[in-house]
Structures are given as structure tokens and as C-alpha cells.
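>>> build me a structure from this.
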Amino acid sequence: MLIDFSDSAPGVPEQELTKLFERFYRVESSRNRNHGGAGLGLAICSNIIAAHNGLIKAHPSALGGLGIHIELPVQS
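As a prediction, the model looks like this:
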């Protein structure tokens, strides 16, 4: 099963894409727990997908923002 999400601008700098799935990571250093979440959402997603032998990747979206690509194996 393939799932793709695409967001419009603003995007995430390419050098930050691999870090998005790290626990507590935030692209904007000005954001904090009171105003921008805990930085755990994509790390949790990554762990859930890995537990199902899947793959999650971040990439620049054709819309100018962030794209997320998820691959999950299908069992019959």
C-alpha cells in the first residue's frame, strides 16, 4: 500500500528532511512545547510504520511544501 501526502508552501529545507523523524526535532528553533508541539509526531509515525515493516520518507512536494511518502506491505 502506498500513501502520499503533499503540502503547499512553505516547505522544509532539504538538509532538514532526514531529521524530521528524530524525536523532539523541530525545523523552527523558535517553536517550543507551548507553541509548537513536542516534536514527537513524525517520530511516532516512523516507529509505527517500522513496526509494520514499512517505509516513510520526507521529500519536497510539487506544491512547494513538504511531501511524505509511506509504503506498507500488504498481506493477503
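
>>> I'd like to know which helix or strand in this protein has the lowest mean pLDDT.
helix 33-36 (a mean of 57; mean pLDDT, DSSP states H and E).

>>> how far off centre is the helix or strand following that one?
On the C-terminal side of helix 33-36, the nearest following helix or strand under DSSP states H and E is helix 41-51. Computed by Cα atoms, centre = their mean, to the nearest Å, the separation of helix 41-51 from the middle of its chain amounts to 9 Å.

>>> and the residue nearest to residue 2 when sequence neighbours are not counted, how many neighbours?
Using Cβ to Cβ, 6 or more residues apart in numbering and skipping residues adjacent in sequence, the residue nearest residue 2 is residue 71, 5.7 Å away. In this view, the C-beta of every residue, glycine as well, is placed from N, C-alpha and C. Neighbouring residues of residue 71 were enumerated by other Cβ atoms under 10 Å; the total is 14.

>>> in stretch 69-76, which residues are buried?
For stretch 69-76, the neighbour count (16 or more other Cβ atoms under 10 Å) marks residue 70 as buried.

>>> pLDDT on that stretch, on average?
The pLDDT scores in stretch 69-76 average 91.

>>> now the terminal residues of that stretch, how far apart.
This stretch, stretch 69-76, spans 22 Å end to end (Cα to Cα, to the nearest Å).

>>> one step back: surely the residue nearest to residue 2 is in contact with residue 52?
No - contact criterion Cβ atoms under 8 Å: residue 71 and residue 52 do not qualify, at 10.1 Å.

>>> tell me the contacts of the residue nearest the centre of the chain?
By Cα atoms, centre = their mean, the chain has its centre lying nearest to residue 42, at 4.9 Å. By Cβ atoms under 8 Å, 6 or more residues apart in numbering, residue 42 lies in contact with 20, 21, 58.

>>> what pLDDT is listed against the last one?
For residue 58, the pLDDT comes out at 96.

>>> so it makes contact with residue 67?
Yes - Residue 58 sits in contact with residue 67 when judged by Cβ under 8 Å, with a separation of 7.0 Å.

>>> having no further points to raise, I will conclude here.
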